[in-house]
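> coords please:
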Amino acid sequence: MSANVQKLCETTREKLKSAIDKMEFFLNHYALPQLDPGDDEDATRFYEGFLSDLRHLLVFSEMSYEKLGVALRRAQFDVDFAQKALYNTYHYGVNNFFYPKSESYSEDGRYAYTGQDAIRFRKKPVRPARDIILEITKVYEELRDDLTYYENDYLTERRMQNQV
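Predicted coordinates for the structure are as follows:
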């Protein structure tokens, strides 16, 4: 079990690093004026929410990346600590990607298995905003698939042990 959890921590951390790098690049190069050059209040609110959600996702992803790094660097691999880090990655990172607070985009499950983009935007975004979400979607889909256990079974197991 320990080896499986350790391997999952390693692959999760690698995937997070990929998404973090892309989000950092985007946020370092685009701000509200570059995304919303017009006088449309709806568009301004859309991009304000979009950027806020992306910044939150970046912070949650970075926190998870760091916690997983701590778990992997410990002299004795602490399975409980690692499992909690994986749970938090799912709970805060994956959920924040798929359920952004501003609802600037959402996942349409009807497209999830067709090979088409399952992400649908509330308002048509400029290409760079659209591209960043579509670039990191695959990472968060993989993380969701890898870590689904930690959203359901892990929490139930912890509650049964009165450790939550």
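
> Next, give phi and psi for the residue of the chain positioned farthest from its centre.
Distance from the C-alpha centroid of the chain, by Cα atoms, centre = their mean, peaks at residue 39 (31.0 Å). When read as degrees, to the nearest 10, the backbone of residue 39 gives phi -100, psi 20.

> Next, the contact list for the closest residue to residue 24 other than its chain neighbours, please.
Leaving aside its chain neighbours, residue 24 sits nearest to residue 58 (6.8 Å; criterion: Cβ to Cβ, 6 or more residues apart in numbering). (Glycine included, C-beta is placed from N, CA and C.) Counting by Cβ atoms under 8 Å, 6 or more residues apart in numbering, residue 58 touches 20, 23, 24, 27.

> One more: residue 65?
Per Cβ under 8 Å, 6+ apart, neighbours of residue 65: 13, 16, 17, 20.

> Next, it: secondary structure please.
With DSSP: H, G, I helix; E, B strand; the rest coil as the basis, residue 65 sits in helix.

> so what pLDDT did it get?
With respect to pLDDT, residue 65 has a value of 98.
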